[in-house]
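>>> Sequence first, then the predicted structure:
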Amino acid sequence: MFKYIVRRILNLIPVLLIISILIFGIIKMAPGDPLSTRLDPKSTVEQRNAEREKLGLNDPVPVQYWRWLSKSIRGDFGESITYRQPVKDVVPGFIWNTFLLNVVVYIIAFLISIPIGVICAVKQYSKTDNFWTIFSIIGISMPSFFFGLLLIYFFAVKLNWFPINGMITPGKNAVGFARAKDILHHMFLPAIVLTIGSMASLVRYTRTSMLEVINQDYIRTARSKGLREKVVIYRHAFRNALIPIVTIIGFTIPSLFSGAVILETVFVWPGIGNVMMESITARDYNMMMALNMFFALLTLLGNLLADIGYALVDPRIKVD
Amino acid sequence: MEGGEQVTEKNLEIEKKPVNMNNNEAEQEILSPWKMFVRKFKKNKVSIVGLIILIIMILSALLAPILTPYDPYEMDYSKINEPPSKEHWLGTDEVGRDYLTRILYGGRVSMKVGLFAVIIEIIIGALIGGLAGYYGGWVDNILMRFSEIVMSFPFLPLAITISAVIGTKVEPQRRMYIVMMIIGFLSWPGLARMVRGQILSLREQEFVQAARALGIRDSKIILRHLIPNTVGYIIVSATLGMAGAIMSESGLSFLGLGVTPPTPTWGNLIQNAREVYILRNRMWLWLPPGVCIFLAVMSINLLGDGLRDAIDPKSK
C-alpha cells in the first residue's frame, strides 16, 4: 500500500509539470505589458528596457518558464501587484477563508446525504424517495449563482435576517466569540447554497450505488439466510455501497473549491475564488498563475485521495 | 487505392443484408431495439415532461423573430429602465432594449453554445476513445494518460484564465465561439473513457474480426463499425454534457468572462443582479433569465436520465 501511494505521488509530478507549462503559456499570451502597472507612464524607453532586463522579460520564454518554475517550487510566486506583497504571503489567508466555508459544508453535506441516500434506496419509490429525487434534480440543475441571488434577495434584502455579503461586518472590530458569531452569521447563506448543491449530487449518488448493491445475489442470500433486515442493509449492503461513495469524497474536494469562484463572487466572500476574479480584473499575472497552480494541485490531490480511498476500502483492488 | 475502395464497398453491401434480415425478423416477432427504446422512454413520464419543456424552450428561441416585434440590439434612449408594461412585458434595460426580446435571443445563444460545446466534446472524445480502444497497447497508454491530464485540469479556474487572456483579443461578437471551444476542449475526457471502454469489449466480437479479415481499413472499422455501436451511450452522455455546458457558459458569462454584451445570453443577463439596487428593486431583470437557465438545464437532465434508462438493456 505504501509503495502504491508513493508511486501515485511520483506520477503526479509529470502531470503537474504539464499543467504548469500550459498555465505559464496561457499567461504569456496575455496582452499588455506587465511593466505598465509597475512603472509610471512618464518613464523613458531606456528606463523601461533596463527594467525589462532586470525582470528577465527579454529572455526567451523557456528560460523565463524555468526561472518561474524553480522559484515556484521554493514557494516564491513573485509579487502580487494588487496587494504589493509576495503572493505567498497573501494567498494562505484567502485559502483559509475558503477552507473555513467549504469544510463546514463538506462535513454537513456528507453527514446528511449518505443516510438519506441509503433510506431512499431501501424504500425505493416511496414518498421519501420521491421527495429526495425531486430535490436532487432541482439541486443539480440550479446554477449556484442564481440560487445564491435568490437567497440574498429573500433572506438578506427582504427579510433582513442575514447580511447581503462579506465575511465580517465592516467597522465592527469584534474579537473572540463575538467575531466567530459574526462570521457564522455571514457564512449562513453561502453555506446553504453549497450544502444543497453538494447534497443534491451526493444523495443521488448514494442512492444509485446502494440500489445497485441491493439487487445483487448476495443480498438475496443474506435475506434468505434469515438475517434481520437491518443487518442485511447496514452490514452487507451499505459497506459495499460505500466503495463508490469513497471515490466521490475525493472528487468533491476540488469541485467545491473551484465552484467557490462563482459563489464567492456572488457573496463577496474573501476566499481564493474571489481573489481569483480580482486578480483577473487587475491583470495580476503572478497571482493568477499561483492560484491556477493551487487549483490544479488540489484537483490532483483529490483524485489521488479518491484512488487511495478506493484501494483501501475495496479488497478486490490489488495494489503493488 | 481504387481497387481497395471497391472491395470495401462490396463488403458493406454484404454486411447490410444480414442486418436487414434481422430487422425484418424483429418486426414480426420481437421488438427492434429502436421500438424497445421508444416504448421504454414513453413510460418515463418525468422525462417526457423534460422533453416537452425543452421543445418549448427551443421553439421559443428559434421563433424569437416572430414572437417579438423588437430587435435585441436596437437601443431606444427614450425608454430606458422601464418596469414591465403592456408593450414591454419584462420592461427595458439601461439602454432601452426590450428585455423579453433579450431573453429570447439570449436563449438562442446559450443553447447554441451548449450544443456546439457538446459537439466539440463528442468529436474529440469519440475519436480519442475510439483510437485508444481499438489499437490498445502504447497508443491506448499515451491517449489515456493524455486524457487523465486534461481531466485533472481545474475546469472553472482554467476556463476563466483562458477566457480572460484570449478573450480580450477577440471582438465581443466572436467570444461565443471561444466559450464553445473552451468548454468543449476541457470536457471531452469523460466521454473518451466511456467510448474506449465500450470499444475494448466490442473489438473482440466476431463482426469486427470479420471486417478485419475482409481487409477493411482500420479507420473505416473504427468510424463505420465500432463508433456507431456506441452511439446510444454517446447520445446519453452528450445530453447530460449539454446541460453541463449550458451551466458552465452561464457561470462564465455571469462572471463576465463568457459571452459578453451586447450579445445576450441568460448568464450575462443575470449579471445585472450583481448590483444590489437592481437585485432589490428590479426583480424582473434577473429572475426570468435565471429561471430559464434552471428550466433548460433541468429539462435536459431529465431527458438524459430518461434516455439512459431507455437505452440501458438492464433496466425494465
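In hand now; what should we look at? What you are looking at is a predicted structure, and each value in this text was computed from that prediction instead of being measured.
>>> from here on, contacts and neighbour counts on C-alpha atoms
Will do.
>>> Near chain A, which residues of the stretch 101-250 of chain B are found?
Listed as neighbours of chain A in the stretch 101-250 of chain B under the rule CA under 8 Å from any CA of the partner chain: B:149, B:152-158, B:161-162, B:164-166, B:168-169, B:247.
>>> Give me the buried entries from those residues.
B:149, B:152-158, B:161-162, B:164-166, B:247 (16 or more other CA atoms under 10 Å in any protein chain shown).
>>> how about the helices in the stretch 51-200 of chain B?
Ranges of helices in the stretch 51-200 of chain B, per DSSP state H, counting those that start in this stretch, are B:64-67, B:99-135, B:137-151, B:155-167, B:175-186, B:189-202.
>>> Could you do chain A as well?
Using DSSP state H, the helices of chain A run over residues A:2-28, A:45-55, A:61-73, A:87-122, A:127-141, A:144-151, A:176-214, A:217-224, A:229-231, A:238-267, A:272-281, A:285-313.
>>> Now do the same for the residue of the stretch 101-250 of chain B found nearest chain A: its pLDDT.
Closest contact between the stretch 101-250 of chain B and chain A, by CA to the nearest CA, is at B:Val165 (4.9 Å). In the predicted model, B:Val165 carries a pLDDT score of 85.
>>> correct me, but it touches A:Ile26?
Yes: between B:Val165 and A:Ile26 there is a contact under CA atoms under 8 Å: 7.0 Å.
>>> got a list of what A:Gly309 touches?
By CA atoms under 8 Å, 6 or more residues apart in numbering or on different chains, the contact set of A:Gly309 is A:246-247.
>>> gap between it and A:Met210?
18 Å (CA to CA, to the nearest Å).
>>> next one: A:Met277
Going from A:Met277 to A:Met210 by CA to CA gives 39 Å.
>>> neighbours around B:Gly290, how many?
The number of residues packed near B:Gly290 is 23, by other CA atoms under 10 Å in any protein chain shown.
>>> same check, this time on the one 3 residues further on
In terms of burial, B:Ile293 registers 25 neighbours under the definition other CA under 10 Å.
>>> do A:Val261 as well
Here the count is done by other CA under 10 Å, and A:Val261 has 24 residues near it.
>>> which ones are touching the residue lying closest to it once chain neighbours are set aside?
Closest residue to A:Val261 apart from its sequence neighbours, by CA to CA, 6 or more residues apart in numbering or on different chains: A:Gly273 at 3.6 Å. The neighbourhood of A:Gly273, defined by CA under 8 Å, 6+ apart, consists of A:98, A:257-258, A:260-265.
>>> change it to 6 Å
A:Gly273 makes contacts with A:260-261, A:264, as judged by CA atoms under 6 Å, 6 or more residues apart in numbering or on different chains.
>>> Got the confidence number for it?
At A:Gly273, pLDDT is 88.
>>> repeat for the one 4 residues further on
What the model reports as pLDDT for A:Met277 is 89.
>>> any idea how far it lies from A:Ala191?
Between A:Met277 and A:Ala191 the distance, using CA to CA, works out to 20 Å.
>>> on that earlier part again, ok, and which of the helices of chain A has the densest surroundings?
When you average the neighbours per residue for each of the helices of chain A (mean count of other CA atoms under 10 Å in any protein chain shown), helix A:144-151 leads with a mean of 23.
>>> C-alpha coordinates for that helix, PDB please?
Below are the C-alpha coordinates for helix A:144-151, written out as PDB (Å, rounded to 0.1, in the frame of the first residue of the first chain):
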ATOM      1  CA  SER A 144     -25.200  28.200  -7.800                       C
ATOM      2  CA  PHE A 145     -25.100  32.000  -8.600                       C
ATOM      3  CA  PHE A 146     -28.800  32.100  -9.300                       C
ATOM      4  CA  PHE A 147     -29.700  30.200  -6.100                       C
ATOM      5  CA  GLY A 148     -27.300  32.500  -4.200                       C
ATOM      6  CA  LEU A 149     -29.100  35.600  -5.600                       C
ATOM      7  CA  LEU A 150     -32.500  34.200  -4.700                       C
ATOM      8  CA  LEU A 151     -31.400  33.600  -1.100                       C
END
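>>> now it: how far from the chain's centre is it?
Offset of helix A:144-151 from its chain centre (CA atoms, centre = their mean, to the nearest Å): 18 Å.
>>> any low-confidence regions in chain B?
B:1-29, B:313-316 (pLDDT under 70).
>>> If you count neighbours, what's buried in stretch B:171-178?
For stretch B:171-178, the buried set under the neighbour-count rule, 16+ other CA under 10 Å, comprises B:175-178.
>>> Kindly reformat these as CSV containing distance to B:Pro288.
Shown next, in CSV, are the buried residues of stretch B:171-178 (distance: CA to CA, whole Å):
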residue, distance to B:Pro288
B:Arg175, 24
B:Met176, 22
B:Tyr177, 25
B:Ile178, 26
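>>> and which of these is nearest to B:Met57?
The shortest approach to B:Met57 among these belongs to B:Met176, at 19.8 Å (CA to CA).
>>> ok, now how distant is that closest one from A:Leu312?
From B:Met176 to A:Leu312 the distance is 45 Å (CA to CA).
>>> How about A:Asn102: what's its closest non-neighbour residue?
A:Leu256 (6.9 Å).
>>> Could you report the distance from that neighbour to A:Leu100?
Relative to A:Leu100, A:Leu256 is positioned 12 Å away (CA to CA).
>>> How about B:Gly107?
Between B:Gly107 and A:Leu100 the computed distance is 37 Å (CA to CA).
>>> what's the neighbour count on B:Arg145?
Neighbours of B:Arg145 under the rule other CA under 10 Å: 13.
>>> wouldn't A:Gly139 be in contact with A:Met199 here?
No: between A:Gly139 and A:Met199 there is no contact under CA atoms under 6 Å: 7.9 Å.
>>> Just give the nearest non-adjacent residue to the residue of the stretch 101-250 of chain B closest to chain A, would you?
Of all residues not flanking B:Val165 in the chain, A:Ala30 sits nearest, at 4.9 Å (CA to CA, 6+ apart).
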